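A.B. asks: coordinates only, sequence not included:
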């Protein structure tokens with residue numbers, strides 16, 4: 001059923017021309033970004049419905065963006081990636097685009113099988129959310145539509161990427177632990193799993209180096225197997241006083257494990273995480289962590305991929321989003 005709200009109604013409400021409304025709703029030049037957003041917001045509020053089929057046929061675009069997430073990042077305790085996808089989807093709607101999710105199973109990743117929506121030409125671009133293997137990355141370099149990486153990067157390709165500033169976040173967390181008297185600090189995470197985990201580990205190492213603290217080999221505690229599935233944590237004989245965890249989910253699991261062993265956090269051990277997702281707040285105690293601005297991260301990704309679809313922007317390389325420490329109750333001064 002055709003909407004009763006027209007461009008004329010929107011133009012009258014804002015005291016602008018119908019041409020201006022048309023340009024704004026179709027992301028054309030000649031209208032400021034501020035006015036474009038104002039017109040789009042009012043169009044949504046008034047219930048205006050775009051004729052996307054006609055628009056698609058006219059422009060030769062599908063107005064869909066594919067979002068690929070490897071299945072290893074979508075377990076029950078991976079709420080962070082669901083949150084990122086939700087923000088991607090919501091922001092794309094503002095630009096009259098639809099986000100189509102493809103969960104990449106391990107078999108398709110191993111065999112380098114791209115999603116069906118790519119071969120069927122149902123998407124105008126791809127966002128890969130979460131690290132994929134080298135062979136898959138190589139295949140993505142040669143596809144016929146634009147692609148960007150989100151939450152990871154690969155130095156061997158020229159594919160643009162957007163990540164949080166993992167290095168600085170872990171560096172600042174470790175500085176905070178050292179300021180509170182900790183020198184025996186362990187890292188919990190598989191440092192070979194993703195570029196994000198590697199950078200968090202390196203940020204911690206930088207802080208230790210600056211303070212003249214040597215990182216013990218047995219203080220790097222692996223948290224997952226080669227398929228990304230969590231494994232039982234193996235603690236060193238001489239325990240550290242603090243743990244830097246690669247994410248809040250691992251910090252949450254670590255605290256539970258320590259309690260089962262008869263310890264208390266932060267009385268016996270201090271624990272910090274990364275992401276500021278739900279696990280940071282449901283934990284007892286709540287976890288000191290680095291907050292990722294998911295909306296800014298998703299917004300940067302959407303603008304990047306749509307700019308490439310419209311051939312408006314050049315390669316941007318790696319973009320990083322600054323995080324901030326959220327101080328809670330999981331760290332004790334010693």
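C.D. replies: Now that the structure is in, tell me what you want to look at. Everything numeric here is computed off the predicted structure, so don't read it as measured data. Numbering: from 1, shown residues only.

A.B. asks: how close does the residue nearest the centre of the chain get to residue 23?
C.D. replies: The structure's the chain has its C-alpha centroid closest to residue 151; by Cα atoms, centre = their mean the separation is 4.5 Å. Distance, residue 151 to residue 23, by Cβ to Cβ, to the nearest Å: 34 Å. C-beta coordinates here come from the backbone N, C-alpha and C atoms, glycine included.

A.B. asks: what does residue 108 give?
C.D. replies: 41 Å.

A.B. asks: same check, this time on residue 98
C.D. replies: Taken as Cβ to Cβ, the span from residue 98 to residue 23 is 22 Å.

A.B. asks: likewise residue 214?
C.D. replies: 61 Å.

A.B. asks: more neighbours: those two, which one.
C.D. replies: residue 23 (18 against 9; other Cβ atoms under 10 Å).

A.B. asks: that one in helix, strand or coil?
C.D. replies: Classification of residue 23 using DSSP: H, G, I helix; E, B strand; the rest coil returns helix.

A.B. asks: who's in contact with it?
C.D. replies: 29, 30, 31 (Cβ atoms under 8 Å, 6 or more residues apart in numbering).

A.B. asks: and the second one, what pLDDT?
C.D. replies: With respect to pLDDT, residue 30 has a value of 86.

A.B. asks: burial count for the residue lying closest to residue 114 once chain neighbours are set aside?
C.D. replies: Distances taken as Cβ to Cβ, 6 or more residues apart in numbering place residue 139 nearest to residue 114, at 6.6 Å, with adjacent residues excluded. Residue 139: 14 surrounding residues under other Cβ under 10 Å.

A.B. asks: repeat for the one 5 residues further on
C.D. replies: The burial count assigned to residue 144 is 6, neighbours taken as other Cβ under 10 Å.

A.B. asks: quick one: it and residue 102, what's the gap?
C.D. replies: As judged by Cβ to Cβ, residue 144 and residue 102 stand 17 Å apart.

A.B. asks: ditto for residue 84
C.D. replies: Noted for residue 84: a distance of 15 Å to residue 102, by Cβ to Cβ.

A.B. asks: same thing with residue 132?
C.D. replies: With Cβ to Cβ as the criterion, residue 132 and residue 102 are 12 Å apart.

A.B. asks: quick one, which of the two is more surrounded?
C.D. replies: residue 132 (22 against 18).

A.B. asks: and residue 171, what does it touch?
C.D. replies: When contacts are counted by Cβ under 8 Å, 6+ apart, residue 171 touches 203, 204, 206, 207.

A.B. asks: which of those residues sits closest to residue 297?
C.D. replies: residue 203 (17.8 Å; Cβ to Cβ).

A.B. asks: list the contacts of the closest one.
C.D. replies: 166, 167, 168, 169, 170, 171, 172, 173, 174 are the contacts of residue 203 under Cβ under 8 Å, 6+ apart.

A.B. asks: same question for residue 37.
C.D. replies: Counting by Cβ under 8 Å, 6+ apart, residue 37 makes contact with residue 94.

A.B. asks: now it: which helix or strand?
C.D. replies: Assigned by DSSP states H and E, residue 37 falls within helix 33-46.

A.B. asks: how far does that helix sit from its chain's centre?
C.D. replies: Put simply, helix 33-46 sits 27 Å off its chain's centre (Cα atoms, centre = their mean, to the nearest Å).

A.B. asks: tell me the buried residues in it?
C.D. replies: 36, 39, 40, 42, 43 (16 or more other Cβ atoms under 10 Å).

A.B. asks: now those in TSV, with pLDDT and distance to residue 262?
C.D. replies: As requested, the buried residues of helix 33-46 are exported to TSV (pLDDT from 0 to 100; distance: Cβ to Cβ, whole Å):
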residue	pLDDT	distance to residue 262
36	89	59
39	90	62
40	85	57
42	90	60
43	85	60
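
A.B. asks: can you name the next helix or strand after the helix or strand of the chain at the bottom of the mean pLDDT ranking?
C.D. replies: Taking mean pLDDT, DSSP states H and E as the measure, the helix or strand of the chain with the lowest value is helix 52-59, at a mean of 59. Toward the C-terminus, helix 52-59 is succeeded by strand 64-70 as the next helix or strand (DSSP H and E).

A.B. asks: residues contacting that next one, please?
C.D. replies: Residues contacting strand 64-70 (Cβ under 8 Å, 6+ apart): 81, 85, 88, 92, 97-104, 106, 109, 115, 117-118, 122-132, 228, 302, 305-306, 309.

A.B. asks: I only care about the residues you listed that end up buried; give me the PyMOL line for that.
C.D. replies: Buried members of those, defined by 16+ other Cβ under 10 Å, are picked up in PyMOL with:
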select buried, resi 81+85+88+92+97+99+100+102+104+109+115+117+118+123+124+125+126+127+128+129+130+131+132+228+302+305+306+309
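
A.B. asks: right, I'll call it a day here.
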